[in-house]
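[1] Following is a predicted model, sequence given first.
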Amino acid sequence: MSFELPKLAFLLPRNAEYVGQWHTVPIGLSRQFQAQAESRLFLIDAALLAGRLPRRGRFGHKGTYGHALLLLGSRGKIGAAVLATQACLRSGVGLLTVRTPAVGYDILQTSAPEAMALTDPAADFLSELPELTPYSAIGMGPGIDKADSTKVVLEQLLRTAQVPLVLDADALNLLGANPDLLALLPPDSILTPHPKEFERLSGSARDDYHRLELLREFCHKHRCYTVLKGAHTCLGTPTGELYFNTTGNPGMATGGSGDVLTGLLTALRAQHLSALDAALLGIYAHGRAGDLAARHTGEVGLIAGDLTRFIGPTLQELTTPDAF
Ligand SMILES: NC(=O)C1=CN([C@@H]2O[C@H](COP(=O)(O)OP(=O)(O)OC[C@H]3O[C@@H](n4cnc5c(N)ncnc54)[C@H](O)[C@@H]3O)[C@@H](O)[C@H]2O)[C@@H](O)CC1
Ligand SMILES: Nc1ncnc2c1ncn2[C@@H]1O[C@H](COP(=O)(O)OP(=O)(O)O)[C@@H](O)[C@H]1O
Ligand SMILES: [Mg+2]
C-alpha cells in the first residue's frame with residue numbers, strides 16, 4: 001500500500017500517541033492494548049507475537065510438523081516455484097511436496113532436493129489436481145498463470161480441500177475473473193493479494209482508506225484472512241480486525257518476494273497453527289527476514305532468494321526471544 005506514514009497515524013486509536021516513525025510508535029503497552037482492542041486496529045510487532053510460535057519439542061519428528069503441498073509454476077515462471085519451495089522448507093514444515101507442470105521437474109529436484117516433486121501431466125501449466133489426502137495444508141498460486149486447465153484445478157481444489165489453503169498470485173486473479181469461485185472458498189483460507197490483485201478481487205478503491213474498508217468487507221463476506229501486501233502490509237480478518245505490519249523495507253520491492261511469503265505461510269498452516277497466528281507470524285517474519293537480509297546486501301542489492309536465508313533465524317528469534 002502506498003499511504004504516507006503521517007496519514008496512517010489517523011488509523012491509530014484516538015488516544016494513542018504517534019511520533020514520526022511508524023516502526024517506533026511509543027505507546028505504553030497496556031494503553032496500546034486497550035486502545036487497539038477498542039478500534040480493532042493492531043500493530044504486528046514482537047509483543048503481539050509472543051507465545052504464538054511453539055517451541056519444537058525434543059521428540060518431534062517430521063510427521064509432527066505437517067506435510068505441505070504447493071501447487072506452483074508454469075513455463076517461464078518456475079523461479080516463483082523455487083522461491084516458494086525454499087521458503088516453505090525454511091519455515092519448519094516436516095515434509096513438502098511440490099506439484100508443477102512437467103517443465104518444472106528437473107529444476108525443482110535440482111534446486112530444492114529436500115522437497116518431493118510431483119509432476120503434472122501437462123508440460124507447461126497445471127492441469128490436474130493430485131490426490132490431497134496426505135497433506136495438512138495446501139498453497140497455490142506463485143507462477144501458475146491463468147490457463148483454462150489451471151482454473152479447473154483451482155475449482156477442484158476449492159471444492160475438495162479439507163485442509164487449510166493459502167492462495168496467491170494467479171490463483172487470486174482466477175478468483176477475481178470467476179467470482180462464482182469465491183463462494184467455494186473454505187473458511188479460514190489465507191489470501192495474499194498485492195493492491196492490484198486485490199482490485200481484481202474486490203473492485204477499485206477510491207483511495208487507500210477506502211481500500212481498507214473494502215478489505216474489511218471482503219474478509220467478512222468470504223470468511224477469509226486477507227494479507228493486503230505492500231510497504232505496510234495489512235491483515236484483514238473475518239471478524240473485522242486490521243493488523244498492520246511493522247517489519248520490512250523497500251529492498252523487498254523485487255520480483256519473487258511475495259512468492260516467498262506464500263511458502264512461509266503454507267508451512268506455518270501445515271504445522272497446525274491457526275489462520276490468525278500463521279498470518280501474523282508469517283507477515284512479521286517475512287518482513288523481518290527482509291530487514292536482516294538488507295543488512296548484508298543493502299536494500300538495493302536485495303533479491304527474493306536472500307529472504308529465504310533469513311527466515312530460519314527470524315522464526316528462531318520469535319520462538320526463543322532471549323536467544324539473540
Ligand atoms: N522468477 C519468477 O518466476 C517470478 C514470477 N513471478 C510471478 O509472476 C506472476 C505475475 O505477478 P505480478 O504481481 O508481477 O503481476 P501483476 O500484473 O498481478 O501485478 C504487478 C503490478 O501490480 C502493481 N502492484 C504491485 N504491488 C503494488 C503495491 N504495493 N502498490 C501498488 N501497486 C502494486 C504494480 O502496478 C505492478 O506492476 C505471479 O504468478 C508471480 O508469482 C513474480 O513473482 C516475479 C518472479
Ligand atoms: N516498500 C516495501 N516495503 C516493505 N515490503 C515491501 C515493499 N514492497 C514490497 N514489499 C513486500 O514484498 C512482497 C511483494 O509481493 P508481490 O507483489 O506478490 O511480489 P511477487 O509476486 O513478485 O513475488 C510483499 O510481501 C510486500 O509486502
Ligand atoms: Mg505476487
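    On my side now, so go ahead. Ligands and ions are numbered 1, 2, ... in the order given.
[2] Now do the same for the spatially closest residue to Ser91 that is not a sequence neighbour: its pLDDT.
    Distance criterion C-beta to C-beta, 6 or more residues apart in numbering; nearest residue to Ser91, sequence neighbours excluded, is Ala267 at 3.4 Å. Heads up, the C-betas are built off the backbone N, CA and C, glycines and all. pLDDT, Ala267: 98.
[3] SS state for Ala267?
    helix (DSSP: H, G, I helix; E, B strand; the rest coil).
[4] Tell me how many other residues crowd it.
    31 (other C-beta atoms under 10 Å).
[5] Next: Thr100.
    27.
[6] so what's it closest to, chain neighbours aside?
    Thr100 sits nearest to Gly73 (C-beta to C-beta, 6+ apart), 4.2 Å away.
[7] quick one: Gly143 and ligand 3, what's the gap?
    From Gly143 over to ligand 3 the distance is 9 Å, taken as C-beta to the ion, to the nearest Å.
[8] My read is that that residue contacts Arg75, right?
    No - the pair Gly143 / Arg75 is not scored as a contact, 9.5 Å apart, by C-beta atoms under 8 Å.
[9] Surely His194 touches Gly230?
    Yes - in terms of C-beta under 8 Å, His194 counts as a neighbour of Gly230; the distance is 6.6 Å.
[10] quick one, what contacts the residue nearest to Thr100?
    For Gly73, the contacting residues are 80-81, 100-101, 103-104, 126, 142-144, by C-beta atoms under 8 Å, 6 or more residues apart in numbering.
[11] Skip the chain neighbours and tell me the closest residue to the closest residue to ligand 3 within the stretch 51-200 of the chain.
    Here the stretch 51-200 of the chain gets closest to ligand 3 at one residue, Ala169, 4.6 Å apart by C-beta to the ion. Once flanking residues are discounted, Ala169 sits nearest to Gly141: 4.0 Å by C-beta to C-beta, 6+ apart.
[12] count of residues packed around the one you found?
    Per other C-beta under 10 Å, the neighbour tally for Gly141 reads 29.
[13] give me every residue that touches the closest residue to Met252 other than its chain neighbours.
    In this structure, Met252 finds its nearest non-sequential neighbour in Gly290, 4.4 Å apart by C-beta to C-beta, 6+ apart. By C-beta under 8 Å, 6+ apart, Gly290 lies in contact with 247-249, 251-252, 257, 302, 307, 310.
[14] Could you measure from Gly290 over to Thr320?
    21 Å (C-beta to C-beta, to the nearest Å).
[15] Quick check: the residue of the stretch 151-300 of the chain found nearest ligand 3 vs ligand 2, distance?
    Using C-beta to the ion, Gly258 is the residue of the stretch 151-300 of the chain that sits closest to ligand 3, at 3.2 Å. Taking C-beta to the nearest ligand atom, to the nearest Å as the measure, Gly258 falls 2 Å from ligand 2.
[16] Regarding that residue, what is its secondary structure?
    Per three-state DSSP, Gly258 ends up helix.
[17] Counting neighbours, what do you get for it?
    Gly258: 23 neighbours (other C-beta under 10 Å).
[18] now do Thr110
    As a burial measure, Thr110 scores 10 neighbours (other C-beta under 10 Å).
[19] Tell me the secondary structure at it.
    Following three-state DSSP, Thr110 is assigned to helix.
[20] go on, Thr97?
    strand.
[21] Which pLDDT value belongs to it?
    98.
[22] Likewise for the one 3 residues further on?
    Looking at Thr100, its pLDDT stands at 98.
[23] Distance of it relative to ligand 2?
    Taking C-beta to the nearest ligand atom, one finds Thr100 at 16 Å from ligand 2.
[24] Bridged to that residue, which residues?
    Assessed by DSSP bridges, Thr100 has beta-bridge partners Thr119.
[25] Tell me who's in contact with Leu228.
    So Leu228 contacts 1, 193-195, 198, 211-212, 215, 234-236 (C-beta under 8 Å, 6+ apart).
[26] Which positions in this structure make contact with ligand 1?
    For the chain, the residues in contact with ligand 1 (C-beta under 6 Å from any ligand atom) are 2, 77, 79-80, 142-143, 169-170, 194-197, 230, 255-256, 258-259.
[27] Could you pick out the buried ones from those?
    77, 79-80, 142-143, 169-170, 194-195, 197, 230, 256, 258-259 (16 or more other C-beta atoms under 10 Å).
[28] ok, of those, which one's closest to ligand 1?
    Taking C-beta to the nearest ligand atom as the measure, ligand 1 lies nearest Gly79 of those, at 2.7 Å.
[29] quick one: which helix or strand includes that closest one?
    helix 78-89 (DSSP states H and E).
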